[in-house]
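[1] need coordinates for the below:
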Amino acid sequence: MAVLTWLLIPLVAAIGAGLWGSWANRTRKVRSDGPELIGYARFREAMEKSHSGS
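    You can find the predicted model right below:
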């Protein structure tokens, strides 16, 4: 019986990891990379402005 208990621990951990992974990935379908790309474009513009005067 103790062997079954030790085998259930990794099984429960694997199921929990799968559930957490699917929960963590749920917003990736809704949100795109738009805000990050816009922020990066603003950063590049700011860096180009600071170097254009020298």
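[2] for residue 22, which residues are in contact?
    Listed by C-beta atoms under 8 Å, 6 or more residues apart in numbering, the contact set of residue 22 is empty. Using the backbone N, CA and C atoms, a C-beta is placed for each residue, glycine as well.
[3] against residue 49, how distant is it?
    Separation of residue 22 from residue 49 (C-beta to C-beta, to the nearest Å): 43 Å.
[4] burial count for residue 7?
    Neighbours of residue 7 under the rule other C-beta atoms under 10 Å: 10.
[5] what helix or strand is it located in?
    Using DSSP states H and E, residue 7 sits in helix 2-24.
[6] for that helix, give the mean pLDDT please.
    Mean per-residue pLDDT for helix 2-24: 94.
[7] ok now it, how far from the chain's centre?
    With C-alpha atoms, centre = their mean, to the nearest Å as the basis, helix 2-24 stands 21 Å off its chain's centre.
[8] got the CA coordinates for it in PDB?
    The C-alpha coordinates for helix 2-24 follow below in PDB (Å, rounded to 0.1, in the frame of the first residue of the first chain):
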ATOM      1  CA  ALA A   2       2.900   2.400   0.700                       C
ATOM      2  CA  VAL A   3       4.200   1.800  -2.800                       C
ATOM      3  CA  LEU A   4       0.900   3.000  -4.300                       C
ATOM      4  CA  THR A   5       1.100   6.100  -2.100                       C
ATOM      5  CA  TRP A   6       4.600   6.900  -3.500                       C
ATOM      6  CA  LEU A   7       3.400   6.300  -7.100                       C
ATOM      7  CA  LEU A   8       0.400   8.600  -6.600                       C
ATOM      8  CA  ILE A   9       2.600  11.600  -5.600                       C
ATOM      9  CA  PRO A  10       4.200  12.000  -9.100                       C
ATOM     10  CA  LEU A  11       0.900  11.200 -10.800                       C
ATOM     11  CA  VAL A  12      -0.900  14.000  -8.800                       C
ATOM     12  CA  ALA A  13       2.100  16.300  -9.500                       C
ATOM     13  CA  ALA A  14       1.900  15.600 -13.200                       C
ATOM     14  CA  ILE A  15      -1.800  16.200 -13.300                       C
ATOM     15  CA  GLY A  16      -1.400  19.400 -11.400                       C
ATOM     16  CA  ALA A  17       1.400  20.600 -13.700                       C
ATOM     17  CA  GLY A  18      -0.800  19.900 -16.700                       C
ATOM     18  CA  LEU A  19      -3.700  21.900 -15.300                       C
ATOM     19  CA  TRP A  20      -1.500  24.800 -14.300                       C
ATOM     20  CA  GLY A  21       0.100  24.800 -17.800                       C
ATOM     21  CA  SER A  22      -3.200  24.900 -19.500                       C
ATOM     22  CA  TRP A  23      -4.500  27.700 -17.100                       C
ATOM     23  CA  ALA A  24      -1.300  29.700 -17.600                       C
END
